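Q: Sequence first, then the predicted structure, then my questions.
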Protein chains: 2
Amino acid sequence: MSQKMDPLALENQVCFAMYSATNALIRAYRPLLDQLSLTYPQYLVMMVLWKESGISVKTLGEKLHLDSGTLTPLLKRLETKALVIRDRNKDDERVRVLHLTEAGKALHQQAKGIPELMRCKVGGDAEQLRQLKQLCENALMNLKD
Amino acid sequence: MSQKMDPLALENQVCFAMYSATNALIRAYRPLLDQLSLTYPQYLVMMVLWKESGISVKTLGEKLHLDSGTLTPLLKRLETKALVIRDRNKDDERVRVLHLTEAGKALHQQAKGIPELMRCKVGGDAEQLRQLKQLCENALMNLKD
DNA sequence: ACATATTTAATTGCGCACAAGTTAATATCC
DNA sequence: GGATATTAACTTGTGCGCAATTAAATATGT
């Protein structure tokens, strides 16, 4: 049977292509994020909080598609770096309310240049990037069903 | 400034879309791969070895874009499961030569149904999947440059 | 009101990814 | 041949992802 038709060949795996490209992308972010002392998942958390401070771990997890098993230790590390405060909701002691410190807010300025630098590294025109993003979002939606 | 134009908004991140979709995909593989007692990266290694046994860790790493820091412990786990033999090249004692056991080869049959089952979960027509794969491969190539 | 169920986060344990450094074998240069 | 450089794999340490479990606070039903 030819390679072209074998569903179990590496060349025919959509997921492997996405997996490899995502790993490479996160690797490419590293030298930029190192300057902010952030990992890529930490950068995602900061992006959410720059837009909307005071949300819960649950809300953050829904936005990022991550659970508390991932987020709790990550948020503790951001707290250790004095970027985030892990407060508690006074009306419901179960929920953590996440706030940025002044240092956390200030980091937004330093991050401003990152998207443009990354666009250069990934290459492709705006239309291709829009398509890639859309196809990934469709796949995610189908998998969440 | 509107969300649409803010490069630091989550909705405008190609990488986040890829990252979330890849995580979801690997999560969707899990119930299928559990039946073979494989993780997704282990499944990738097995796919390579089903095609071409007797390769080195270095060659395997080039195909999967992974280094020995990832592969060495993973291969040891596959050896513990008696799916892989970690031999040595007689002419160059530095290189590990990877072989499948009979059980490792036999697993190929059990894996045959997985690609079709996954295609259903991801959804999208053949053309969209081809495009998604191609766009990821382009991005990976640019990032490797 | 009290028992039961649900919800939110935290915890535990495992397996990646990967940077950085180590070890051992082979290749290269003089 | 012997010193030096290179190569292949291994090791160590950190930070995810995530399944599964636990703990504590709140909600619900009667």
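A: Sure, I can see it. Nothing here was measured: the structure is a model prediction, and the numbers come from that model.

Q: Quick one: mean pLDDT over stretch A:31-38.
A: Here stretch A:31-38 scores 98 as its mean pLDDT.

Q: Stretch A:42-62 too?
A: 98.

Q: With stretch A:107-117 instead?
A: The average pLDDT for stretch A:107-117 rounds to 97.

Q: Can you list the buried residues in it?
A: Neighbour-count burial for stretch A:107-117, counted by 16 or more other Cβ atoms under 10 Å in any protein chain shown, picks out A:Leu107, A:Ala111, A:Ile114, A:Pro115. The way it works is simple: take the backbone N, C-alpha and C, and place the C-beta from them, glycine included.

Q: distance between the ends of it?
A: End-to-end distance of stretch A:107-117 (Cα to Cα, to the nearest Å): 17 Å.

Q: so A:Thr39 makes contact with A:Arg27?
A: No. Using Cβ atoms under 8 Å, A:Thr39 makes no contact with A:Arg27, being 11.5 Å away.

Q: Compare these two (neighbour count), which wins?
A: Taking neighbours as other Cβ atoms under 10 Å in any protein chain shown, A:Thr39 and A:Arg27 compare with A:Thr39 leading, 17 against 13.

Q: Against DNA strand D, how distant is that one?
A: As judged by Cβ to the nearest atom of the strand, to the nearest Å, A:Thr39 and DNA strand D stand 4 Å apart.

Q: which phi and psi does that residue have?
A: With angles defined as degrees, to the nearest 10, A:Thr39 sits at phi -90, psi 170.

Q: Could you do A:Val97 as well?
A: The phi/psi pair for A:Val97 (degrees, to the nearest 10) reads phi -110, psi 120.

Q: what's it in contact with, if anything?
A: Neighbouring residues of A:Val97 by Cβ atoms under 8 Å, 6 or more residues apart in numbering or on different chains: A:Gly54, A:Ile55, A:Ser56, A:Asp87, A:Arg88, A:Asn89.

Q: Now flag whichever of these is closest to chain B.
A: Proximity of the contacts of A:Val97 to chain B (Cβ to the nearest Cβ) peaks at A:Ile55, which lies at 12.6 Å.

Q: Hmm, the closest one is touching A:Val48, no?
A: Yes. The pair A:Ile55 / A:Val48 is scored as a contact, 7.3 Å apart, by Cβ under 8 Å.

Q: contacting residues for A:Leu135?
A: With Cβ under 8 Å, 6+ apart, A:Leu135 has these contacts: B:Gly124, B:Gln128, B:Gln131, B:Leu132, B:Leu135.

Q: Serialize these to a markdown table and add fields for pLDDT and secondary structure.
A: Shown next, in a markdown table, are the contacts of A:Leu135 (pLDDT from 0 to 100; DSSP: H, G, I helix; E, B strand; the rest coil):
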| residue | pLDDT | secondary structure |
| --- | --- | --- |
| B:Gly124 | 92 | coil |
| B:Gln128 | 97 | helix |
| B:Gln131 | 97 | helix |
| B:Leu132 | 98 | helix |
| B:Leu135 | 98 | helix |
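
Q: Among the residues you listed, which one has the most neighbours?
A: For the contacts of A:Leu135, counting by other Cβ under 10 Å, the largest number of neighbours falls to B:Leu132: 25 neighbours.

Q: Verify the contact between that one and B:Ala126 for me.
A: No. Taking Cβ under 8 Å as the definition, B:Leu132 is not a contact partner of B:Ala126, at 10.8 Å.

Q: ok now do the nearest residue to A:Leu32 once chain neighbours are set aside, which residues does it touch?
A: Spatially, and ignoring its direct neighbours in sequence, A:Leu32 is nearest to A:Ile114 (5.2 Å; Cβ to Cβ, 6 or more residues apart in numbering or on different chains). Counting by Cβ under 8 Å, 6+ apart, A:Ile114 touches A:Tyr29, A:Leu32, A:Leu33, B:Leu8.

Q: and the residue of chain A nearest DNA strand D?
A: Nearest to DNA strand D in chain A, going by Cβ to the nearest atom of the strand, is A:Gly69, at a distance of 2.8 Å.
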